[in-house]
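# Below is the sequence, then the predicted model.
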Amino acid sequence: MKILVIGSGGREHALVWKLAQSPRVQKIFCVPGNPGIGEMAECVALDSNDSEALCSFARQQGIDLTVVGPEGPLSGGIVDLFTAHGLRIFGPGRQAAEIESSKAFAKDLMAKYQIPTAGYAVFQTVADAKEYIRQKGAPLVVKADGLAAGKGVIVAMTVNEALMAVDAMLTEQAFGAAGSRVVIEEFMQGEEASILTFTDGATVKTMVAAQDHKRVYDGDQGPNTGGMGAYAPAPVVTPELMTRIQQEILQPVVDAMRREGRTYKGCLYLGVMLTDAGPKVVEFNARFGDPETQVVLPLLASDLLPVMEACIDGTLAETEIKWRDQAAVCVVMAAGGYPGTYRKGDPITGLETAAGSGAMVFHAGTALKEGKVTTAGGRVLGMTAVGDGIRQALSKAYQALENISFPGAYFRRDIGHRAINGKN
């Protein structure tokens, strides 16, 4: 089979890495890919958001299955376009992807079907939003309604911070059209976990629970990022709790989407807060998470390809999915200054040595410059290792990281601290 993977980050590198292990896969293309992906797939210089060009490419190359990594093409309707041309593609259609592209839609859906989540209100005018904030008091969470590359969420611990967040989104348009509406939510206390789920629109099968580290510095300090590392399985999500999450959240939301005429097929990502009152939805994403994918897929013992096909064909209920009884850790190596301003174009050394250490080096923000791999993003690399437990996996990942260097390189040295210290 010929496979096309869309995207250029660590998530897509992990997807290509896993799909390449399938005995049925003959060739993988990736648009636009990165140097790491280029070692196991043919990278194609097309715009990942140009669905028409991607569709033409898939038809010309006789692509048997397309896998979409990022949210942009999904919210733009790439699945609908490919399906209309008779092309098989893994991911939700545009209407189903709205569960991520509109936080207001997702909250209204959960309210309608009584799926547990934080209390909320939606606003388009500054005056109304500020009046609500003053009435409610802090802490509150202010979210841009649309897609904001993971940066459209502000946890306001004071009323003034919440008011400033509203100004930034509605008046200053800090997130462009994504912030033309804001969702203001109650602040939830508890541990947060990530549950990635396979679904064919009816059946739901959860992957291994993961936890990521959003803050840039050790001790969960500093600004939020796209994720500085992750580990799986997350001890906080016990088998009993996973069953409850599936019964109270995941199955009901997939059923709700189907009833609304928005049948959801693909990977559904659940960010869940484990509160004293039980699990509650933080957010849904319409695709694989990043960096969670880099720790979940290495624990998947089954071939990924037939699972994806079952999601498309509606046969997931008959598909067995096996997981390794091990642990995986991903430590992100970032450019100095991230998530603020950072340098690009610096040469990266030690990649071959690290790859030979038994860890997996997933490229997230890299490029080729005069034949050498250089930095090209804020999150540059994800060092992933598998072990018999979290401690062993962490040791392997950190040992491998010591081999890699580039100017200003930074990574957290406390990834997995909750699992290690038993604080979850």
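Sure, I can see it.
# Check this structure and tell me which residue is nearest its centre.
residue 289 (1.6 Å; C-alpha atoms, centre = their mean).
# Quick one: classify the nearest residue to it once chain neighbours are set aside as helix, strand or coil.
Distance criterion C-beta to C-beta, 6 or more residues apart in numbering; nearest residue to residue 289, sequence neighbours excluded, is residue 269 at 4.7 Å. Backbone N, C-alpha and C define where each C-beta goes, glycine included. Of the three states, residue 269 takes strand under DSSP: H, G, I helix; E, B strand; the rest coil.
# With residue 173 instead?
Three-state call for residue 173 (three-state DSSP): coil.
# my guess is the residue nearest to the centre of the chain meets residue 196, correct?
Yes - if you go by C-beta atoms under 8 Å, residue 289 and residue 196 touch, sitting 6.1 Å apart.
# what is in contact with those two at once?
210, 269 (C-beta atoms under 8 Å, 6 or more residues apart in numbering).
# hmm, back to that, so the residue nearest to the centre of the chain: helix, strand or coil?
Reduced to three states by three-state DSSP, residue 289 is coil.
# okay, it: pLDDT?
Residue 289 carries a pLDDT value of 94.
# got any ranges where the protein has weak pLDDT?
Flagging of the chain using pLDDT under 70 yields the residue ranges 149-150, 422-424.
# Please parse the chain into its domains.
Structural domains assigned to the chain are 2-93, 119-186, 191-318, 327-421, following automatic domain parsing.
# okay if I get the ones you listed as JSON lines plus distance to residue 104?
Formatted as JSON lines, these follow (distance: least, C-beta to C-beta, whole Å):
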{"stretch": "domain 2-93", "distance to residue 104": "14"}
{"stretch": "domain 119-186", "distance to residue 104": "5"}
{"stretch": "domain 191-318", "distance to residue 104": "12"}
{"stretch": "domain 327-421", "distance to residue 104": "25"}
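# Tell me which of the ones you listed sits nearest to residue 111.
domain 119-186 (8.0 Å; C-beta to C-beta).
# Need the distance between the two termini of that closest one.
Start-to-end span of domain 119-186 (C-alpha to C-alpha, to the nearest Å) is 5 Å.
# on that earlier part again, residue 100: which of the domains of the chain is closest?
Between the domains of the chain, domain 191-318 lies closest to residue 100; by C-beta to C-beta that is 4.1 Å.
# Off-centre distance for the closest one?
9 Å (C-alpha atoms, centre = their mean, to the nearest Å).
# Stretch 23-34 too?
Centre-to-centre, stretch 23-34 and its host chain are 20 Å apart (C-alpha atoms, centre = their mean).
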